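Requesting a structural model of the entry that follows:
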Amino acid sequence: MTLNQAGRRLASAASFDPNAYDELRDDPAATPVAVGVVIVATLLAATGGFLWALIAAAPPQIYKIALAHFLLRSVLLGSILQIALWFVWVAVTWFYLRNVYLLREVSIQRLLRTMGFAFAPMALQILLWFPVVEFPVGLIALAATFGCTVLAVRAAAGSTPAQALISTLMGFALFVLALGILGTSDSDLAPGIFALDPNSLSVAVELDLDSGR
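Numbers count the residues shown, from 1 in each chain. Reported below is the predicted structural model:
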């Protein structure tokens with residue numbers, strides 16, 4: 001797959017074009033590119049979360065944000081965990097299609113290709129650093145990713161819309177719940193929106209001993 005082809009397919013997939021997923025489904029060369037999309041989208045989301053911590057987070061003046069801690073845990077380790085959980089999402093969706101809806105011909109390779117490209121909207125989280133709109137941006141990214149993935153699953157599995165919706169939801173629920181737990185202020189082991197608790201003390205803050213001087 002050439003760079004131009006990948007870019008065209010990525011744009012089509014992210015714009016909710018069902019035909020894009022039909023093309024991807026039967027192209028083995030798209031598999032490594034799809035995994036690459038997941039990696040890049042995750043890193044962009046993690047970068048957005050880091051920029052939020054650097055620019056938009058506003059803890060009380062007696063605190064400062066431990067950016068090195070956040071970079072290691074949320075951006076690096078959190079990204080690895082999110083990518084791993086995406087594979088779990090694919091596996092759960094595949095299992096559900098095969099064992100609940102009895103679609104025995106479903107190929108996990110086809111799901112990897114289509115669902116990988118459908119993950120592209122997660123990259124919108126690079127915009128998390130804009131103050132006030134960080135949570136709407138994160139929710140839009142998640143909703144768009146879920147919507148694209150439903151189209152991807154339907155194309156890969158040849159399922160009905162309802163089967164694609166429920167099967168996708170099973171894996172997505174696990175993906176979101178796991179990252180939501182990992183990204184709490186006690187651990188910060190998730191990237192992007194998952195590391196942003198409603199209160200701004202969720203980014204490994206520490207007392208700023210110089211603040212009172």
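
CA only for contacts and neighbour counts going forward, please
Will do.

So which helix or strand of the protein has the lowest pLDDT on average?
Taking mean pLDDT, DSSP states H and E as the measure, the helix or strand of the chain with the lowest value is strand 205-207, at a mean of 49.

Pull the contacting residues for residue 145.
Counting by CA atoms under 8 Å, 6 or more residues apart in numbering, residue 145 touches 118-122.

Ramachandran coordinates for it?
phi -60, psi -40 (degrees, to the nearest 10).

gap between it and residue 35?
In this structure, residue 145 lies at 15 Å from residue 35, with CA to CA, to the nearest Å as the measure.

Ok, residue 71 next?
When CA to CA is applied, the distance between residue 71 and residue 35 equals 23 Å.

Residue 111 now?
Per CA to CA, residue 111 is found 11 Å from residue 35.

Give me the more crowded residue out of these two.
When neighbours are counted by other CA atoms under 10 Å, residue 111 comes out ahead of the other of residue 111 and residue 35, with 27 against 21.

Assess the claim that that one and residue 154 are in contact.
No. Taking CA atoms under 8 Å as the contact criterion, residue 111 and residue 154 are not neighbours in contact, 9.4 Å apart.

Could you report the pLDDT at the residue sitting nearest the centre point of the chain?
Taking CA atoms, centre = their mean, the centroid of the chain lies closest to residue 122, which sits 4.7 Å from it. pLDDT recorded at residue 122 is 97.

likewise residue 66?
In the prediction, the pLDDT value recorded for residue 66 is 71.

quick one, helices of this structure?
Secondary structure of the chain (DSSP state H): helices at 3-14, 18-25, 30-51, 67-70, 78-99, 108-118, 134-157, 161-182.

who touches residue 72 in this structure?
For residue 72, counting by CA under 8 Å, 6+ apart, there are no contacting residues.

So residue 38 versus residue 114, what's the distance?
The gap separating residue 38 from residue 114 is 11 Å, by CA to CA.

Looking at these two, which is more packed in?
It is residue 114, of residue 38 and residue 114, that has more neighbours when counted by other CA under 10 Å, with 33 against 24.

isn't that one right up against residue 21?
Yes. Look at residue 114 against residue 21 with CA under 8 Å: they come within range, at 5.7 Å.

where do the contact lists of those two overlap?
152, 155-156.

Neighbour count added to the residues you listed, as JSON lines?
Formatted as JSON lines, the entries for the shared contacts of residue 114 and residue 21 read as follows, by neighbours: other CA atoms under 10 Å:
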{"residue": "152", "neighbour count": "34"}
{"residue": "155", "neighbour count": "25"}
{"residue": "156", "neighbour count": "28"}
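
From those, pick the one nearest residue 94.
residue 156 (10.0 Å; CA to CA).

ok, that closest one to residue 181 distance?
30 Å.

what is the rounded mean pLDDT of stretch 17-29?
When pLDDT is averaged along stretch 17-29, the result is 91.

who touches the residue nearest to residue 174 when sequence neighbours are not counted in this structure?
Take residue 174 and drop its neighbours on the chain: the residue closest to it by CA to CA, 6 or more residues apart in numbering is residue 89, 7.1 Å away. Residue 89 makes contact with 168, 170-172, 174-175 under the criterion CA under 8 Å, 6+ apart.

try 7 Å this time
By CA atoms under 7 Å, 6 or more residues apart in numbering, residue 89 lies in contact with 171-172, 175.
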